[in-house]
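[1] Mind looking at a prediction? Sequence and model below.
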Amino acid sequence: MITLDINGETRRVDADPATPLLWVLRDTLGMTGTKFGCGMALCGACTVHVDGRPVRSCSTPVSLATGKKITTIEGLGTSAVGQKVQAAWAALDVPQCGYCQVGQIMSAAALLAAKPNPTDGDIDTAMAGNICRCGTYPRIRAAIHSAAGQKGA
């Protein structure tokens, strides 16, 4: 049995320690908010926070998350930063197809938690590797600036 702290709740799962965290979340625990994209940590759709840092859950063995605080999109709205990011995403109609947006939101929230007033360069660095096939990058940047309380973004 593996014990995990997910969104502030202790969860025990019977999983092989090498199983990617993504599949434990989705298949074992039924938390389908985190998306499968590429399976190789290249697209960012599967991003979750582990101890506040964005990680690609498709390539993170569940054993590496043991003893750490895991936050998924289902729990992000419990933090002030998460609420601001989600509100900005909705206010600016960021999603087009929406598939990548969970990973985008998780990466943006981690950025703003670490750097409350990011520059465009900070945003580019933090969001690198989060791919949006619909090309909503300008709206993503504007939403991050909006969540940070920055005007004119």
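    Done, it's in.
[2] Centroid-nearest residue for this protein?
    In the chain, the centroid-proximal residue (Cα atoms, centre = their mean) is M106; its distance is 2.4 Å.
[3] Surely it touches I73?
    Yes - the pair M106 / I73 is scored as a contact, 6.3 Å apart, by Cβ atoms under 8 Å. The way it works is simple: take the backbone N, C-alpha and C, and place the C-beta from them, glycine included.
[4] Now do the shared contacts for those two.
    Between them, M106 and I73 share these contacting residues under Cβ atoms under 8 Å, 6 or more residues apart in numbering: V48.
[5] Which strands or helices does the longest helix along the chain pack on?
    When every helix of the chain is counted residue by residue (DSSP state H), the longest turns out to be helix 101-114. The contact analysis (3 or more Cβ pairs under 8 Å, 6 or more residues apart in numbering; DSSP states H and E) places helix 101-114 against strand 47-50, strand 53-56, helix 73-76, helix 80-91, helix 120-127, helix 137-147.
[6] make it 6 Å
    Helices and strands touching helix 101-114, by 3 or more Cβ pairs under 6 Å, 6 or more residues apart in numbering; DSSP states H and E, are strand 47-50, strand 53-56, helix 80-91, helix 137-147.
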